[in-house]
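*Asks:* Whatever this is, show me its structure:
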Amino acid sequence: MAFLKGTKLNSILFGKCPVCHNESMYKQSNPYKLSQTLDMHERCSHCNTKYKIEPSFFYGAMYVSYPVGIMFAAVAFAITYFFIGATLVNTFLAIVGTMVVFLPVIMRLSRNIWINFFMKYDKAKDQLANT
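*Replies:* You can find the predicted model right below:
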């Protein structure tokens, strides 16, 4: 996905450093290793960007997780109710199941979106890291 490099979408979807897009912010690439879902590197090894700007910085990601969760629930509702034609009870169960299964993904996406509110891609730091 080289064509996304330099866009916030690249950093948000793939968990890349928001400044240089060269390194994953997370120590474990698999969000379903639940004990390590939110374990992040302290700094980017390429551009030395500090991810945790201040203590409790990622508490703000809780505000982002609500609309992200609503999007996942809305998609689950649309698929099960409109496309599959399930009853409302089965649709509700599908939404609950979707939220449980995608919880680690929602948590990471929320963090990625939150940090990208405060940092932006810097082509100079990207090129510096690649030299």
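*Asks:* distance of the residue of the chain positioned farthest from its centre from T80?
*Replies:* Within the chain, T87 marks the point farthest from the mean C-alpha position, 31.4 Å out by CA atoms, centre = their mean. To T80, T87 is 9 Å away according to CB to CB, to the nearest Å. (Each C-beta comes from the backbone N, C-alpha and C, glycine too.)
*Asks:* Could you give the number of residues near the residue nearest to L88 when sequence neighbours are not counted?
*Replies:* With sequence-adjacent residues excluded and distances taken as CB to CB, 6 or more residues apart in numbering, L88 is closest to Y81, at 7.4 Å. For Y81, the number of neighbouring residues by other CB atoms under 10 Å comes to 17.
*Asks:* right, and the secondary structure at Y81 would be what?
*Replies:* Here Y81 is recorded as helix under DSSP: H, G, I helix; E, B strand; the rest coil.
*Asks:* per-residue pLDDT, it?
*Replies:* Here the pLDDT value assigned to Y81 is 95.
*Asks:* got it, and I53?
*Replies:* pLDDT, read off for I53, is 87.
*Asks:* my guess is it contacts F118, does it?
*Replies:* Yes - taking contacts as CB atoms under 8 Å, I53 lies within contact range of F118: 6.5 Å.
*Asks:* Which residues are in contact with S11?
*Replies:* S11 is in contact with 17-18, 21, 112, 115-116, 121, counting by CB atoms under 8 Å, 6 or more residues apart in numbering.
*Asks:* how near is I115 to F82?
*Replies:* 34 Å.
*Asks:* And those two? Which one has more around it.
*Replies:* With neighbours defined as other CB under 10 Å, I115 and F82 compare such that I115 has more, 26 against 10.
*Asks:* Which helix or which strand is home to that one?
*Replies:* Per DSSP states H and E, I115 falls inside helix 103-118.
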